[in-house]
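Peer 1: Take a look and give me a structure for this.
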Amino acid sequence: MIEFLAALALFLISHSIPARPRVRAGLVERLGERGYILGYSALSLALLAWLLSAASRAPFVPLWDLAIWQYHIPIALMLPAFLLFAGGAVCPNPLSISFSRFRFDPDRPGIVAITRHPILWGFALWSFAHVVPNGDLVSVVMFGGFGSFALLAMPIVDRRKRRALGASWHDLANRTSLVPFSAVAAGRTGMVWRTPQLVATLTIGAGLYAALLWLHPWLFGPDPKLAFG
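Peer 2: Purely as a prediction, here's the structure:
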């Protein structure tokens with residue numbers, strides 16, 4: 001259990017420290033942007049592999065019995081999670097994590113209209129959805145820790161982006177929301193997309209969902225399709 005907790009702590013810390021602007025800037029200056037991304041990705045994958053390996057060796061402490069209905073929870077939540085992941089990756093987003101190099105258009109915000117933290121919300125949905133069918137102590141701590149980390153990261157990212165963007169942060173943030181769909185429901189923004197971003201979001205999100213649904217037994221063990229009888 002000590003090894004598992006140490007691996008989990010280091011994995012979470014590794015995703016906290018480099019996100020700090022000064023630390024990231026220093027690493028980019030020394031390694032270059034490409035070197036930083038490659039090094040950070042390699043470190044994350046190595047720590048994740050260690051974490052999963054440590055989890056498999058940790059003592060099994062059951063908290064509740066497995067039931068087939070529990071698989072319906074991740075089956076229902078993983079599609080929106082993958083759509084949030086995909087939309088967050090392809091749509092420009094000055095307010096949170098973004099992998100797009102295109103300029104953000106507040107009149108066509110895409111996934112940002114739903115929430116300003118789509119990738120973090122996708123990660124939270126993925127994490128908490130996997131708590132339900134994994135009723136042992138290690139799984140609850142691991143997936144619950146991932147989900148809590150994603151939720152706690154949202155206000156932290158807000159503070160950093162507010163400092164970086166200055167007065168423009170309030171104008172941009174007013175057109176979206178922390179809680180998904182709140183700004184849409186309040187009429188502060190509309191669900192307007194660039195067509196290529198919408199197509200990419202739906203294609204990538206649905207494709208990943210279908211692929212992981214079928215590959216899950218071979219990659220991770222449990223078969224979520226058992227929920228279909």
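
Peer 1: Run through the residues that contact the most centrally placed residue in the chain.
Peer 2: For the chain, Phe123 is the residue whose C-alpha lies nearest the centre (Cα atoms, centre = their mean; 2.5 Å). By Cβ atoms under 8 Å, 6 or more residues apart in numbering, the contact list for Phe123 reads Ala81, Phe85, Phe146, Gly147, Ala150. Every residue, glycine included, has its C-beta placed from N, CA and C.

Peer 1: Give me the distance between the first one and Glu29.
Peer 2: Ala81 sits 35 Å away from Glu29 when distances are taken as Cβ to Cβ, to the nearest Å.

Peer 1: try the fourth one
Peer 2: Using Cβ to Cβ, one gets 33 Å for the distance from Gly147 to Glu29.

Peer 1: which of those two has more neighbours?
Peer 2: Using other Cβ atoms under 10 Å, the more surrounded residue of Gly147 and Glu29 is Gly147, with 19 against 10.

Peer 1: And the pLDDT for the nearest residue to the more buried one once chain neighbours are set aside?
Peer 2: Excluding its sequence neighbours, the residue lying closest to Gly147 (Cβ to Cβ, 6 or more residues apart in numbering) is Ser127, at 3.3 Å. Looking at Ser127, its pLDDT reads 95.

Peer 1: so Ser127 makes contact with Phe146?
Peer 2: Yes - taking Cβ atoms under 8 Å as the definition, Ser127 is a contact partner of Phe146 at 3.9 Å.

Peer 1: before we move on, the earlier item: secondary structure and distance to Ala113 added to the contacts of Phe123, as TSV?
Peer 2: Shown next, in TSV, are the contacts of Phe123 (DSSP: H, G, I helix; E, B strand; the rest coil; distance: Cβ to Cβ, whole Å):
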residue	secondary structure	distance to Ala113
Ala81	helix	18
Phe85	helix	17
Phe146	helix	26
Gly147	helix	23
Ala150	helix	20
